[in-house]
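Novice: From the sequence below, what's the structure:
(one chain, ligands or ions: 1)
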Amino acid sequence: MEEGLSTPVGTRRSFFVKVTMLISSVIGFSLAVPIVGYLVSPALRRQPKAWISVGKIADIPSNEPTALDYSMTVKDGWQTTQSTKGIWAVKQDDGQITVYSPICPHLGCGYRWETQERLFKCPCHGSVYDLKGNVKAGPAPRPLDTLPSKVKNGELLVLYQEYKSGLSEKVEL
Ligand code: FES
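Specialist: All right, here's what the predicted structure looks like:
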């Protein structure tokens, strides 16, 4: 047999193997992208921001922190859930209201108001804040985070948002 007329079987087989692998990869990739997107997207999706009424300003006493609920309805596909965050409102002597995030700026624990001492205290690492949110003790790197708020028709409206903990600057998450 002449060498030049032989069929290059090995070369053709490896060509088909490569084409099959390429097609399989394309199919696998096209299936993987939507699946990964479906699994990851809820974690990446931010909760929508909304101005929500948290109560009447007439019900907030002066110079006494008031715990209020920021409740909003969250729709995720077919599911509707109620999300509630506790916030603190302080009405100053001049009637101005400051609203504080419930999250300690140190590492994100919840803090409470100690009526006797008239201080906000975080149980996690001992950060202490006064009525104006200033750091009085502990490792907190910045004052309590204030939340955007406004008054409309006697109602206190709040825009809930969260900030990165552990930084000296207030950086929105
Ligand atoms: S989280 Fe509040 S003091 Fe550390």
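Novice: Can you give me the domain boundaries for this protein?
Specialist: 3-44, 51-159 (automatic domain parsing).
Novice: Quick one: closest of the ones you listed to Glu172.
Specialist: Nearest to Glu172, of all the domains of the chain, is domain 51-159, at 9.6 Å by Cβ to Cβ. Any C-beta I mention is one placed from the backbone N, CA and C, and that applies to glycine too.
Novice: Span of that closest one from start to end?
Specialist: 5 Å (Cα to Cα, to the nearest Å).
Novice: could you pull out the strands for the protein?
Specialist: Ranges of strands in the chain, per DSSP state E, are 51-56, 66-76, 79-91, 97-100, 112-114, 119-121, 128-129, 135-137, 149-152, 155-159.
Novice: Can you lay out the ones you listed as TSV showing distance to the ligand, mean neighbour count and mean pLDDT?
Specialist: Shown next, in TSV, are the strands of the chain (distance: least, Cβ to the nearest ligand atom, whole Å; neighbours: other Cβ atoms under 10 Å; pLDDT from 0 to 100):
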stretch	distance to the ligand	mean neighbour count	mean pLDDT
strand 51-56	23	16	95
strand 66-76	17	14	89
strand 79-91	14	15	92
strand 97-100	13	20	97
strand 112-114	11	14	97
strand 119-121	9	19	98
strand 128-129	9	20	98
strand 135-137	10	14	98
strand 149-152	23	14	96
strand 155-159	22	18	96
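Novice: JSON lines please, covering the ones you listed and showing distance to Val19.
Specialist: Output for those, formatted as JSON lines (distance: least, Cβ to Cβ, whole Å):
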{"stretch": "strand 51-56", "distance to Val19": "58"}
{"stretch": "strand 66-76", "distance to Val19": "42"}
{"stretch": "strand 79-91", "distance to Val19": "44"}
{"stretch": "strand 97-100", "distance to Val19": "63"}
{"stretch": "strand 112-114", "distance to Val19": "67"}
{"stretch": "strand 119-121", "distance to Val19": "67"}
{"stretch": "strand 128-129", "distance to Val19": "67"}
{"stretch": "strand 135-137", "distance to Val19": "66"}
{"stretch": "strand 149-152", "distance to Val19": "63"}
{"stretch": "strand 155-159", "distance to Val19": "56"}
